[in-house]
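Trainee: Predicted model, plus sequence, below.
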Amino acid sequence: MRALALAALCACNASGTFACEQDGQCTGAPGGVCEPTGYCGFTDPDCPSGSRYDSYAGGGLAGTCVPPAEQQPDGGSDMTGTDPLHLAHGDGISGSAALTWTGAVMIDTSALTISGPALPAGDTFDMRPQLGGGPALAVLHVGGLTVAAGAMVKVTGTRPLVIVAADSVDVEGQIDVGAHGMMPGPGGAAPAMGGGAGGPGAHQPTVSDSGGGGAGFGVPGAAGGDVSCTPVVAAGAAGAVVGDAPLTQLVGGSGGGVASGSVCTLNPGGAGGGALQISAGMAITIGSAGKLLAGGGGGSGGTDCGDQDGNSGAGGGSGGAIVLQAMTIGNAGLVAANGGGGGGSGTGGGGAGMPGQDGQPSATPATGGNGVGASGEPGGAGGAGSTAPAAGSEATCGNNAGGGGGAVGRIAASSSYTGAGTTSPAADTSLPL
């Protein structure tokens, strides 16, 4: 009977949800109220607010308790709730049309382009200044967003990506803002750049080279390996911590330190992971196969420069930044901003070292690259979860050390963040709804 009544009101959509505009439309049970989210709530004394959404509510709200009055949308915000973080009032206005991404999607935050069909009418993609300073932001304004199962969304460019949705964001596929080797993610730093950049390796006037340092962000990076000559050839310094846990400024990760050598071009460190923010008026849902990735790039392996020399390994880049803001956030999948592994060192005439892995799409640390030949030493692992990055392997005098691992980035979310999925590193959940 209720389904027929709702259909008669012509507000049901194809997904089976029912959106209301006034209390009189909420007639399925006692105490029906059209909540500010646009869905019906009914009396339930088990909820702190005394009301629960019915099974027809959208945006992941079906069957959940209606938040208490002080957490309800105020009607004056750019989206349905608190203003989107990092954007001035008026810059964070949502779009009006539902957008779905399928298959391979490429986003460039510098050119402000999105591959595939044009955005639906009512949605826009533009540049806005970051509130309080920091890099300018590429902002996608949508009514709602679905990243379909199997979709692979790859984001590049110089600006962090911010998605502002009036309704909900459902991630069943993958959004990747991570660095890959020397290529930074959107808003991430190039090798050896950024506030948490790793230091360069050093060269002794023979054939001894220390490893580049890993970049820091959420925690310090790891130093490169030193060389045990007399005096010791000092390792590339570990990169410093950057910013704060709530990500007051939205920036990506930093780059790992450059390798050392004497004859060949020096090998660059890994780049910093990018920055992604999703601000939704109602809910953010990350399905069991959904992934939000902001890993740092792996450091380069040292070059085999022939019989004369080989280079040390370069440092790994740090993971980037992920911000999630909504009244309801559920993670059944993966949210990760892990550091890249340091590069392994090479041997003159014996082979080039292997690069470190990029920050991994899991809670497993990225491995450092293997050293190759008699002078080669492995790079350190990148940081993941609560595991700190590892220093590059030291070398004996006359040989070459490995690069240090890059640190984890930062993940910050509204206090509504829950779920049995993987979050690496752990999220700061002090952000507003």
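Mentor: Alright, I've got the coordinates. Residues are numbered from 1 along each chain as shown.

Trainee: What is the least confident helix or strand in this structure?
Mentor: In the chain, no helix or strand scores lower on mean pLDDT, DSSP states H and E than helix 2-8, which sits at a mean of 27.

Trainee: how about stretch 85-98 as CSV, C-alpha atoms only?
Mentor: The C-alpha trace of stretch 85-98 is given here as CSV (Å, rounded to 0.1, in the frame of the first residue of the first chain):
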residue,chain,number,x,y,z
LEU,A,85,35.9,22.5,3.8
HIS,A,86,38.6,24.6,2.2
LEU,A,87,36.1,26.6,0.1
ALA,A,88,34.6,30.0,0.8
HIS,A,89,30.9,30.3,1.0
GLY,A,90,29.7,30.5,-2.6
ASP,A,91,32.7,28.6,-4.0
GLY,A,92,31.4,25.3,-2.7
ILE,A,93,28.0,25.3,-4.4
SER,A,94,27.0,21.8,-5.5
GLY,A,95,25.7,20.9,-9.0
SER,A,96,22.2,19.6,-9.7
ALA,A,97,22.6,16.5,-11.9
ALA,A,98,23.6,13.0,-11.0
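
Trainee: Can you give me the buried ones in that stretch?
Mentor: Of the residues in stretch 85-98, Leu85, His86, Leu87, Asp91, Gly92, Ile93, Ser94, Gly95, Ser96, Ala98 count as buried by neighbour count, 16 or more other Cβ atoms under 10 Å. Glycine gets a C-beta too; all of them are placed from N, C-alpha and C.

Trainee: how about low-confidence regions in this structure?
Mentor: Counting by pLDDT under 70, the chain contains low-confidence ranges at 1-17, 20-21, 36-38, 58-60, 68-82.

Trainee: What residue spans form the domains of it?
Mentor: 1-72, 82-433 (automatic domain parsing).

Trainee: so which of those is the most packed in?
Mentor: Across the domains of the chain, the average number of neighbours (mean count of other Cβ atoms under 10 Å) peaks for domain 82-433, which reaches a mean of 26.

Trainee: So in that sheet, which strands flank the helix or strand just after the least confident helix or strand of the chain, and in what orientation?
Mentor: The helix or strand immediately downstream of helix 2-8 is strand 33-34, counting by DSSP states H and E. Take DSSP bridges as the rule and strand 33-34 pairs in its sheet with strand 40-43 (antiparallel).

Trainee: Give me the distance between the strand it pairs with and the centre of its chain.
Mentor: Mean-position distance between strand 40-43 and its chain equals 36 Å (Cα atoms, centre = their mean, to the nearest Å).

Trainee: from the middle of its chain, how far away would the helix or strand that that strand is followed by be?
Mentor: Remark: after strand 40-43, the chain's next helix or strand is strand 51-53, criterion DSSP H and E. Relative to the mean C-alpha coordinate of its chain, strand 51-53 is positioned 33 Å out (Cα atoms, centre = their mean).

Trainee: Output the contacting helices and strands for strand 51-53.
Mentor: Packing partners of strand 51-53 (3 or more Cβ pairs under 8 Å, 6 or more residues apart in numbering; DSSP states H and E): strand 40-43.

Trainee: just checking, Ala19 touches Tyr39?
Mentor: Yes - judged on Cβ atoms under 8 Å, Ala19 makes contact with Tyr39 at a distance of 6.5 Å.

Trainee: Tell me if I'm right that Ala352 and Ser300 touch.
Mentor: No - contact criterion Cβ under 8 Å: Ala352 and Ser300 do not qualify, at 9.3 Å.

Trainee: OK, contacts around Asn431?
Mentor: No, residue 431 isn't Asn; it's Leu. Leu85, Pro246, Val323, Leu324, Gln325, Ala412, Ala413, Ser414, Ser415 (Cβ atoms under 8 Å, 6 or more residues apart in numbering).

Trainee: Glu394: which of the buried residues of stretch 85-98 is nearest?
Mentor: Nearest to Glu394 among the buried residues of stretch 85-98: His86, at 41.5 Å, using Cβ to Cβ.

Trainee: if I pick the spatially closest residue to the closest one that is not a sequence neighbour, what's in contact with it?
Mentor: Distance criterion Cβ to Cβ, 6 or more residues apart in numbering; nearest residue to His86, sequence neighbours excluded, is Leu250 at 4.9 Å. Leu250 sits next to 85-86, 130, 134-135, 137, 160, 162, 187, 275, 277, 321, 323 when contact means Cβ under 8 Å, 6+ apart.

Trainee: Which member of those is positioned nearest Thr124?
Mentor: Val162 (12.4 Å).

Trainee: Let me know the next secondary structure element after the helix or strand where the closest one lies.
Mentor: Using DSSP H and E, Val162 falls within strand 161-165. Tracing the chain C-terminally past strand 161-165 and defining elements by DSSP H and E, one meets strand 168-171 next.
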